[in-house]
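# Sequence and predicted structure below; questions after.
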Protein chains: 2
Amino acid sequence: MKRPTQVDVAKRAGVSRATVSYVVNGLANGRVPISEETRQRVLEAVAELGYMPDARAQALRSGSTRTIGAIIPDIRNPHFWEYANGIEQEARAHGYRIILSSTSLSQEYEDDTLQDLAQRRIDGLILQGSFTTQTKKVNNTLSQLIKRQLPIVKIGEPTENIDSVWSDYRTVTQEIMTYLLSLEHRRIGLIYGVAPPILAEDRLVPYRECLQAAGVPVDPELIAQCGPTIEDAYQAALQLLLLPSRPTALIAINDMLAVGVLRTAADLGLQVPTDLSLVSYDNIPMANYLVPRLTTVSKDAVKFGQEAVRLLLARIEQPNRPVQRVDMPIRLIVRESTGPAPVLMTQGGDDG
Amino acid sequence: MKRPTQVDVAKRAGVSRATVSYVVNGLANGRVPISEETRQRVLEAVAELGYMPDARAQALRSGSTRTIGAIIPDIRNPHFWEYANGIEQEARAHGYRIILSSTSLSQEYEDDTLQDLAQRRIDGLILQGSFTTQTKKVNNTLSQLIKRQLPIVKIGEPTENIDSVWSDYRTVTQEIMTYLLSLEHRRIGLIYGVAPPILAEDRLVPYRECLQAAGVPVDPELIAQCGPTIEDAYQAALQLLLLPSRPTALIAINDMLAVGVLRTAADLGLQVPTDLSLVSYDNIPMANYLVPRLTTVSKDAVKFGQEAVRLLLARIEQPNRPVQRVDMPIRLIVRESTGPAPVLMTQGGDDG
DNA sequence: TTGAAAGCGTTACCAG
DNA sequence: CTGGTAACGCTTTCAA
């Protein structure tokens, strides 16, 4: 009942181990030195014995695992499965497997995860931009791997010396702000979850700048940072919407958080978009089904994933090619969660 | 720039390869034959070189990968990440790694996935009940693995000769029906997605039986089968709700589908629960934040996953232990999406 | 066209 | 306490 090895197959087929290897791997590398009859006999033996090559031994011998590691930050956010889908599709199309890891559970496992992937000798690694912001230990491990020439692609945040696929959120965030301001919103809140530094630069800065350009004071009370869960967003929105002079529009850093905001609004008896406008980012599949449908920033996360794999495979084949930075388009999709600002009684009117 | 091996570490530390192995693996097996000074020297060399043991070689030699494969049916359904979370947590606590695969993308990849896992020589496998219903090829591969004594645990569907963790949905489905009937609902629709046979037995049968027991005719028009996406549910609900004599209550087989149903209701100008009651299953984290909050069947999926790992590890350690079947409790949570049946004009009144 | 044999990096046994 | 050495299952070169 032990697992059959090449030797068993060879014995059964009456050939040598090498022959089995040739047959199993599709007629050796180019040269076709196996007679059809032998091939059939080997194939039969394989089928009868239920032989499955041992990937560990294959990888050890051949030097390649044909496996790509992908680390996503939060498995609970639908946005990230789309990356995962794209990655998986593209990788499979090229004969690579994916080992998918999520660090959502616990930050302390990040280094663990990375170590594990490294020890498995994956052929390449796809990371989210937020990854490197973590502990020193993680960064050490990571730079170790970079030094070892492990092909790496980063999603979401361009980094020096590393291939990356990302989008520039400045422009679209400006667009959001212009749009909200044009709807006469003046008290605009911002809710963002666990945030890598780039989020600040990408979204917080344009948010501030647009406000200032419009002559609207930036009120730090309107900026809430929170955890990644819906409940976190719920609480953050609660805090913002209970302000004496409450915001009439809220920007949530992703659609999951927007779900929490929607709930907060409902609990406070606020209609969206009549009493409160809401904009978020990601355009997860659900965004177009929520009530109201979310105005959000659309990003083709599946394509992101595919592009990341393309970049990675190119580097695997050609380790010294110049570093690439692919900019993927994103755009604001206006749906039902945004509308003109309501006239508030508490509004201290120096705008207008 | 090549990856350092044990040999490199040994050279650097001025010891033999075996010594390195002992030190790295925590002082050999029981006996502690390494002097503290040597140990330190080795550890230093490891750190300086950034040595990471090669998991492939370790696994090949030791015979164990300390890796568990987990196959979930649909990564797009939040319900399944909770399983994944539970599995990951419990596995990690016992020093095992997880390779997570989703077959959501394409049924044709199921066999691929299974083969891959088998070739990686995982120590155990956790499956969803729906898995075996697939093609003959998959079932062949699977029974091959079973014959090879690969420890397997099934989630969701009890199977002969395989450890499983599941819940009995009959009782809770009866509870749902009793509840809806007590609210005077008579036209109750059922929407279910890609369904393993057990779903039919578990939910369709009690649905029918309860209806009949209450003297309500079972109308096949009220039973819609659909795909797994929100859009699928949207369309299914549309079909049901546009019926001349539309249902006043809908049961969706999971919360994701319920999101689509909610949208359909909104598009038809139907208020939930005033005009339409909605019950679903799973109690995903989001269920308590949707507007209205979903009445749904709560299942602790994280615990499911943990229990599955416990079962699996027990079998790994003790291959011949008796087969276990763990029944996990579930319960109906009444929230805001259900209410008394509206009085419909089209209602043909032979009830009451 | 096929077979023998040399490793891949590790663990673990058994002498030193 | 430490250092050779034989596997683990496979790929691939070199001879036959």
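Structure's in. What do you need?
# Check for me that A:Ile99 belongs to a helix.
No - counting by DSSP: H, G, I helix; E, B strand; the rest coil, A:Ile99 is not found in a helix; it is strand.
# How much space separates it from B:Thr65?
In this view, A:Ile99 and B:Thr65 are 12 Å apart by Cβ to Cβ, to the nearest Å. Heads up, the C-betas are built off the backbone N, CA and C, glycines and all.
# Please apply the same query to A:Met177.
Distance of A:Met177 to B:Thr65, computed by Cβ to Cβ: 51 Å.
# again with A:Leu242
Computed as Cβ to Cβ, the A:Leu242 to B:Thr65 distance reads 53 Å.
# Chain A: helices as residue ranges?
For chain A, the helices defined by DSSP state H cover A:6-13, A:17-24, A:36-49, A:55-62, A:78-93, A:109-119, A:136-147, A:169-182, A:197-199, A:205-213, A:230-241, A:255-267, A:301-317.
# Can you check which of those gets nearest to B:Val23?
helix A:109-119 (16.6 Å; Cβ to Cβ).
# And that closest one, what does it pack against?
Helices and strands touching helix A:109-119, by 3 or more Cβ pairs under 8 Å, 6 or more residues apart in numbering or on different chains; DSSP states H and E, are strand A:67-72, strand A:97-102, helix A:136-147, helix B:55-62.
# about what we covered before: if you count surrounding residues, which of A:Leu242 and B:Thr65 has more?
For the pair A:Leu242 and B:Thr65, the greater number of neighbours falls to B:Thr65 (23 against 10), based on other Cβ atoms under 10 Å in any protein chain shown.
# which non-adjacent residue is nearest the more buried one?
Using Cβ to Cβ, 6 or more residues apart in numbering or on different chains and skipping the chain neighbours, the partner closest in space to B:Thr65 is B:Ala59 (4.4 Å).
# Just list the residues touching that neighbour, thanks.
Contacts here follow Cβ atoms under 8 Å, 6 or more residues apart in numbering or on different chains; on that basis B:Ala59 touches A:56, B:65-66, B:121.
# hmm, try it at 7 Å
Shown in contact with B:Ala59 (Cβ atoms under 7 Å, 6 or more residues apart in numbering or on different chains): A:56, B:65, B:121.
# so the second one makes contact with B:Asp123?
Yes - at 5.7 Å, B:Thr65 and B:Asp123 qualify as touching, with contact defined as Cβ atoms under 7 Å.
# Averaging pLDDT per element, find the lowest-scoring helix or strand in chain A.
Ranked by mean pLDDT, DSSP states H and E, the weakest helix or strand in chain A is helix A:197-199, scoring a mean of 65.
# A:Thr67 - how many residues pack around it?
By other Cβ under 10 Å, 21 other residues sit near A:Thr67.
# To DNA strand C, which of the helices and strands packed on helix A:109-119 lies closest?
Among the helices and strands packed on helix A:109-119, the nearest to DNA strand C by Cβ to the nearest atom of the strand is helix B:55-62 (3.3 Å).
# List the buried residues of that closest one.
Applying a neighbour-count criterion of 16 or more other Cβ atoms under 10 Å in any protein chain shown, one finds B:55-60 buried in helix B:55-62.
# With stretch A:102-120 instead?
Here stretch A:102-120 shows A:102-105, A:109-120 as buried, counting by 16+ other Cβ under 10 Å.
# Give me the distance between that stretch and the centre of its chain.
The gap between where stretch A:102-120 is centred and where its chain is centred comes out at 16 Å by Cα atoms, centre = their mean, to the nearest Å.
# which other residues reach it?
By Cβ under 7 Å, 6+ apart, stretch A:102-120 touches A:65, A:67, A:69, A:71-76, A:99, A:101, A:125, A:134-135, A:137-138, A:141-142, A:145, B:52-55, B:85, B:88-89, B:97.
# ok, now how distant is the residue nearest the centre of chain A from A:Pro285?
Nearest to the geometric centre of chain A sits A:Phe80, at 4.3 Å (Cα atoms, centre = their mean). The gap separating A:Phe80 from A:Pro285 is 13 Å, by Cβ to Cβ.
# what's the answer for A:Leu268, then?
If you go by Cβ to Cβ, the gap between A:Leu268 and A:Pro285 works out to 27 Å.
# Among these two, which residue is more densely surrounded?
Comparing A:Leu268 with A:Pro285 by other Cβ under 10 Å, the one with more neighbours is A:Pro285, at 18 against 14.
# Quick check: closest non-adjacent residue to the more buried one.
Nearest residue to A:Pro285 in three dimensions, chain neighbours excluded: B:Ile230, at 6.2 Å (Cβ to Cβ, 6+ apart).
# With A:Asp275 instead?
Leaving aside its sequence neighbours, A:Asp275 sits nearest to A:Pro342 (Cβ to Cβ, 6+ apart; 5.4 Å).
# tally of neighbours for that neighbour?
Using other Cβ under 10 Å, A:Pro342 is surrounded by 17 other residues.
# Mind pulling the model confidence for A:Arg31?
pLDDT recorded at A:Arg31 is 59.
# err, A:Trp166, not the other one
94.
# How about the one 5 residues further on?
Reported pLDDT at A:Thr171 in the predicted model: 95.
# how close does it get to A:Pro329?
A:Thr171 sits at a distance of 10 Å from A:Pro329 (criterion: Cβ to Cβ).
# Counting neighbours, go ahead and name the busier of those two.
Per other Cβ under 10 Å, whichever of A:Thr171 and A:Pro329 has more neighbours is A:Thr171, with 14 against 11.
# Return the distance of the residue in the stretch 151-300 of chain A that DNA strand C sits nearest to relative to DNA strand D.
Among residues of the stretch 151-300 of chain A, the one nearest DNA strand C by Cβ to the nearest atom of the strand turns out to be A:Pro151. It sits 17.8 Å away. As judged by Cβ to the nearest atom of the strand, to the nearest Å, A:Pro151 and DNA strand D stand 19 Å apart.
# swap in A:Tyr234?
Taking Cβ to the nearest atom of the strand, one finds A:Tyr234 at 53 Å from DNA strand D.
# who's in contact with that residue?
Neighbour list for A:Tyr234: A:260, A:263-264, B:289 [criterion: Cβ under 7 Å, 6+ apart].
# what about 6 Å?
A:260, A:263-264 (Cβ atoms under 6 Å, 6 or more residues apart in numbering or on different chains).
# Just the pLDDT at it, thanks.
98.
# Could I get the contacting residues of the closest residue in space to it that isn't next to it in sequence?
In this structure, A:Tyr234 finds its nearest non-sequential neighbour in A:Gly260, 3.9 Å apart by Cβ to Cβ, 6+ apart. Neighbour list for A:Gly260: A:230, A:233-234, B:289 [criterion: Cβ under 6 Å, 6+ apart].
# circling back to that earlier point, could you report the distance from the residue nearest to B:Thr65 to A:Gln144?
For B:Ala59 relative to A:Gln144 (Cβ to Cβ), the value is 22 Å.
# just A:Ser130 next, same as before
20 Å.
# which bits of chain A sit near chain B?
Counting by Cβ under 6 Å from any Cβ of the partner chain, the residues of chain A lying close to chain B are A:3, A:50, A:52, A:55-57, A:59-60, A:75-76, A:81, A:97, A:99-100, A:116, A:118-121, A:144, A:148, A:230, A:259-260, A:263, A:266, A:286, A:289, A:291.
# What parts of chain A come near DNA strand C?
Counting by Cβ under 7 Å from any atom of the strand, chain A comes close to DNA strand C at A:14-19, A:22, A:31-35, A:37-38, A:57, A:60-61.
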